[in-house]
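Visitor: need the 3D shape of this:
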Amino acid sequence: MNRRFACKSTVVLVTLGGWLAGAALDASAQSGESRFTQLSMAQLNDQQRPLAEYLMGFSRVGIGGPYNLMLRSPAAAKPMLELLDYLRFHTSVPTRLNEFAILIQGRMWRSQVEWYGHYAAAIKAGVADKTLADLKANRRPASMQPDEAAVYDFCQELYGKHEVSDRTYAQLRQFLDEQQVMDLTLVSGTYVSVAALLAMGNQGLPPGIEAQFKPGDP
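Guide: So this is what the prediction gives:
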């Protein structure tokens, strides 16, 4: 584990360890059990072990939660964690819009963990309760600020229709420059990957945490 990676990734790993703390078994998962057995340190190979030892130094879930999945591909885990560090804590996108974009993807995927992990951060950053209540109910939020509406429409088109109209792109460019548009697209796509990873592995919420999306919810 090189020093640059260790320094850059500490914040994101601690944060992931918090919002995915105990990411165990969610009752809404298909089988109720993770599809990946929990790895132990004794089982790790020479590529996995350095990353696992680094994680054990500060991760609240050790090598559990998403790390149990990521360790299956240690060469991919390292750059993924570096990217997450940038997209969460060093991005050019304002925090309010960044967290809102993450929750848009969380809602699209009905990702229990993403919604649970980022709701409080979005509220703290200034997204209104009513806006998030509408989003969670699968409605276009009526109380969005103009820049939030631009982000919402952009994300809905790009990740729902797989295209962005000239009108929607022009609307977004009223609020974000080219670097910010790039970072917004990357954070959205990266959290699609995180949601897919969690869904594929049946990694749900920590024990005792109420499901964020329940059967029968819109």
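
Visitor: for the residue nearest the centre of the chain, give me its contacts.
Guide: In the chain, the residue lying closest to the centroid (C-alpha atoms, centre = their mean) is Y191, at 4.2 Å. When contacts are counted by C-beta atoms under 8 Å, 6 or more residues apart in numbering, Y191 touches A101, I102, Q105, G106, E114. (C-beta placed from N, C-alpha, C; glycine too.)

Visitor: OK, contacts around the third one?
Guide: When you say that, I think you mean Q105. Q105 sits next to S111, E114, C155, Y159, S188, Y191, V192, A195 when contact means C-beta under 8 Å, 6+ apart.

Visitor: mind checking pLDDT for the first one?
Guide: Confidence per residue is given as pLDDT, and for S111 that number is 89.

Visitor: let me know the secondary structure of Q212.
Guide: Per DSSP: H, G, I helix; E, B strand; the rest coil, the secondary structure class of Q212 is coil.

Visitor: show me the shaky parts of this structure.
Guide: Applying pLDDT under 70 to the chain picks out residues 1-32, 58-62, 64-65, 206-207.

Visitor: quick one: the strands in it, in order.
Guide: Read by DSSP state E, the chain holds no strands at all.

Visitor: go through the longest helix seen in it and flag the buried ones.
Guide: Secondary structure assigned by DSSP state H gives helix 178-201 as the longest helix of the chain. Neighbour-count burial for helix 178-201, counted by 16 or more other C-beta atoms under 10 Å, picks out 180-181, 183-185, 187-188, 190-192, 194-195, 198-199, 201.

Visitor: ok, the residues you listed vs Q171, which is closest?
Guide: Lowest distance from Q171 to the buried residues of helix 178-201 (C-beta to C-beta) belongs to V181, with 11.4 Å.

Visitor: that closest one reaches R173, doesn't it?
Guide: Yes - under the criterion of C-beta atoms under 8 Å, V181 makes contact with R173 at 7.0 Å.

Visitor: what comes up buried for stretch 37-44?
Guide: Residues L39, L44 are the ones in stretch 37-44 that count as buried (16+ other C-beta under 10 Å).

Visitor: neighbours around the closest residue to Q212 other than its chain neighbours, how many?
Guide: Of all residues not flanking Q212 in the chain, W115 sits nearest, at 4.3 Å (C-beta to C-beta, 6 or more residues apart in numbering). W115 sits with 24 neighbouring residues when counted by other C-beta atoms under 10 Å.

Visitor: what of E157?
Guide: A total of 17 residues lie near E157 under the criterion other C-beta under 10 Å.

Visitor: swap in Q156?
Guide: By other C-beta under 10 Å, the residues close to Q156 number 15.

Visitor: for this structure, just list every one of the helices.
Guide: Along the chain, counting by DSSP H, helices occupy 3-19, 48-56, 65-70, 74-89, 95-108, 112-125, 129-136, 146-156, 166-173, 178-201.

Visitor: out of these, nearest to E210?
Guide: So among the helices of the chain, helix 112-125 is nearest, using C-beta to C-beta, at 8.9 Å.

Visitor: how far is that closest one from where the chain is centred?
Guide: 9 Å (C-alpha atoms, centre = their mean, to the nearest Å).

Visitor: quick one, it and helix 95-108 angle?
Guide: Angle of helix 112-125 versus helix 95-108, following axes from the mean of the first three to the mean of the last three C-alpha atoms, to 10 degrees, is 160 degrees.

Visitor: buried residues in helix 112-125?
Guide: Going by neighbour count (16+ other C-beta under 10 Å), the buried part of helix 112-125 is Q112, V113, E114, W115, Y116, G117, H118, Y119, A121, A122.
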